[in-house]
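Enquirer: Sequence first, then the predicted structure, then my questions.
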Amino acid sequence: MVSDKRGARILIVDDEPIIALDLEQGLVNAGYEIAGVTGKIEKALSVVASGACDAAILDANLGGASATPIAAALTARGLPFLVLSGYSAHQQPEALRAAPHLQKPANWPQLIKMLSSILAARR
């Protein structure tokens, strides 16, 4: 288990390449490691199943498909995640609504604070 953000492996799940790249760069600059970057449910599930991530950032809508299966897999493994979406929290499916939520575009200080918080709660 990771006790602080340094070395925490984050899975980024977003189907918009520019947003995913921005998240990847911002997280690396903040001291996180990237476990994977994908906009595909199957690839995200593979990363989660492999045990390669400590937490995830999920876009709720992946090309018209819900990120609910990824949220369920993360929850089953006891891994924290936050939702970064253009949709508000009350517009999310239940599996996503229970997670911390931020609206796009990302507010970096708030995103980093929230990510640090969910990782600390996992300890």
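Expert: Now that the structure is in, tell me what you want to look at.

Enquirer: the bottom helix or strand of this protein by mean pLDDT?
Expert: Lowest by mean pLDDT, DSSP states H and E among the helices and strands of the chain is helix 94-97, with a mean of 82.

Enquirer: buried sites along that one?
Expert: 95, 96 (16 or more other CB atoms under 10 Å). All C-beta spots, glycine's among them, are computed from the backbone N, C-alpha and C.

Enquirer: ok, residues contacting that helix?
Expert: 58, 60, 66, 67, 68, 71, 72, 75, 83, 85, 89, 90 (CB atoms under 8 Å, 6 or more residues apart in numbering).

Enquirer: Do you know the pLDDT at the closest residue to residue 111 other than its chain neighbours?
Expert: Nearest non-adjacent residue to residue 111, counting by CB to CB, 6 or more residues apart in numbering: residue 102, 6.0 Å away. pLDDT for residue 102: 92.

Enquirer: just checking, what packs against the helix or strand hosting residue 120?
Expert: Assigned by DSSP states H and E, residue 120 belongs to helix 108-122. Contacts defined by 3 or more CB pairs under 8 Å, 6 or more residues apart in numbering; DSSP states H and E place helix 108-122 against helix 17-29, strand 55-58, strand 81-85, strand 101-103.

Enquirer: Please name whichever of those is nearest to residue 11.
Expert: strand 55-58 (4.0 Å; CB to CB).

Enquirer: Check which strands are paired with the closest one and give the direction for each one.
Expert: According to DSSP bridges, strand 55-58 forms sheet pairs with strand 9-13 (parallel), strand 81-85 (parallel).

Enquirer: weakest of these by average pLDDT?
Expert: Set side by side, the strands paired with strand 55-58 give their lowest mean pLDDT on strand 81-85, at a mean of 94.

Enquirer: Now do it against helix 17-29, angle only.
Expert: Interaxial angle, strand 81-85 versus helix 17-29 (axes from the mean of the first three to the mean of the last three CA atoms, to 10 degrees): 140 degrees.
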